[in-house]
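Colleague: Quick one, structure for this:
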Amino acid sequence: MKKITLLALFTLLFSSLLITSCSNDDSVSDDSNGVSSGDYWPLALNNQWIYNENGSVTSPVKITGADNFGGTTYYRVSTENVYDLQAWATKKGATYFLRTGEYNANENGVILKMEAYELPVLKDNLAVGEQWSGTVISKVSVTNGSFSSAFDASIKYLGIIVEKDASMTVNGKVYASVIKISFKQEVSFQGQTTITESVYWYAKGVGPIKSINTIDGSTVESTLVSYIIN
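Modeller: Okay, here's the model as predicted:
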């Protein structure tokens with residue numbers, strides 16, 4: 001398996017799941033996560049969202065359960081993805097986190113393993129122009145017969161609030177109290193780097209209503225078609 005193939009796969013694992021995550025409504029906060037201004041990813045069992053992705057309607061994104069990680073409840077998100085990767089989300093104060101599970105793959109006898117990691121993908125208490133950033137490390141191992149190697153993959157992220165309290169029409173429906181953000185990630189390991197640039201719109205009380213993701217010159221646009229909030 002080539003390094004660039006591993007790099008593209010790692011980035012796509014995150015990009016394919018970011019729009020599909022959701023979180024609980026929790027206005028209680030510690031100092032680092034801020035005080036929430038509302039619920040921009042409402043969470044309850046059996047909540048679901050259906051999107052149109054580049055002209056094709058996707059399978060439902062659905063909340064199917066909950067698990068505990070480090071004493072915090074994370075909500076399991078069921079969505080169709082080519083990597084069969086598990087995803088969870090939670091909200092701490094004003095900060096929404098997306099967690100991806102450990103990934104294992106076998107490609108023609110080459111075994112790839114990536115550790116679970118999570119990113120803060122939205123802060124609803126920030127003002128227009130404010131941002132959050134950081135770097136997350138995930139350990140990666142590759143085994144090919146008797147040969148094996150392990151290294152760190154670095155995920156550098158930058159989120160910026162572009163608009164707040166906006167109104168937006170998606171597929172004929174008007175949504176109020178919308179937050180628009182830009183989110184950039186750089187995934188790097190072993191001298192290789194790939195960049196994903198995204199724009200997301202989140203409606204208060206509804207969740208993600210639109211996203212535009214660009215990676216390696218390819219763009220995917222998703223728009224909300226219907227949803228169920230319990």
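
Colleague: Please, which helix or strand holds residue 143?
Modeller: strand 131-144 (DSSP states H and E).

Colleague: Just the CA coordinates for the helix or strand just after that strand, please, in PDB.
Modeller: Counting by DSSP H and E, the element after strand 131-144 in chain order, helix or strand, is strand 147-170. C-alpha atoms of strand 147-170 as PDB (Å, rounded to 0.1, in the frame of the first residue of the first chain):
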ATOM      1  CA  PHE A 147       7.500  -6.400   8.000                       C
ATOM      2  CA  SER A 148       5.800  -3.900  10.200                       C
ATOM      3  CA  SER A 149       6.100  -0.200  10.900                       C
ATOM      4  CA  ALA A 150       4.400   2.300  13.200                       C
ATOM      5  CA  PHE A 151       4.200   6.100  13.100                       C
ATOM      6  CA  ASP A 152       2.100   9.100  14.200                       C
ATOM      7  CA  ALA A 153      -0.400  10.800  11.900                       C
ATOM      8  CA  SER A 154      -0.900  14.500  12.700                       C
ATOM      9  CA  ILE A 155      -4.400  16.100  12.100                       C
ATOM     10  CA  LYS A 156      -4.100  19.900  12.300                       C
ATOM     11  CA  TYR A 157      -7.400  21.700  12.300                       C
ATOM     12  CA  LEU A 158      -8.700  25.300  12.100                       C
ATOM     13  CA  GLY A 159     -12.400  26.300  12.600                       C
ATOM     14  CA  ILE A 160     -13.700  29.800  12.000                       C
ATOM     15  CA  ILE A 161     -17.200  31.200  12.600                       C
ATOM     16  CA  VAL A 162     -18.200  32.900   9.400                       C
ATOM     17  CA  GLU A 163     -21.800  33.800  10.100                       C
ATOM     18  CA  LYS A 164     -24.200  33.500  13.100                       C
ATOM     19  CA  ASP A 165     -27.900  33.900  13.600                       C
ATOM     20  CA  ALA A 166     -28.400  33.800   9.900                       C
ATOM     21  CA  SER A 167     -31.400  32.600   7.900                       C
ATOM     22  CA  MET A 168     -30.900  30.100   5.100                       C
ATOM     23  CA  THR A 169     -33.100  28.200   2.600                       C
ATOM     24  CA  VAL A 170     -32.200  24.600   1.800                       C
END
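
Colleague: neighbouring strands for strand 147-170, and are they parallel or not?
Modeller: Sheet pairing here is set by DSSP bridges, and for strand 147-170 it gives strand 131-144 (antiparallel), strand 173-189 (antiparallel).
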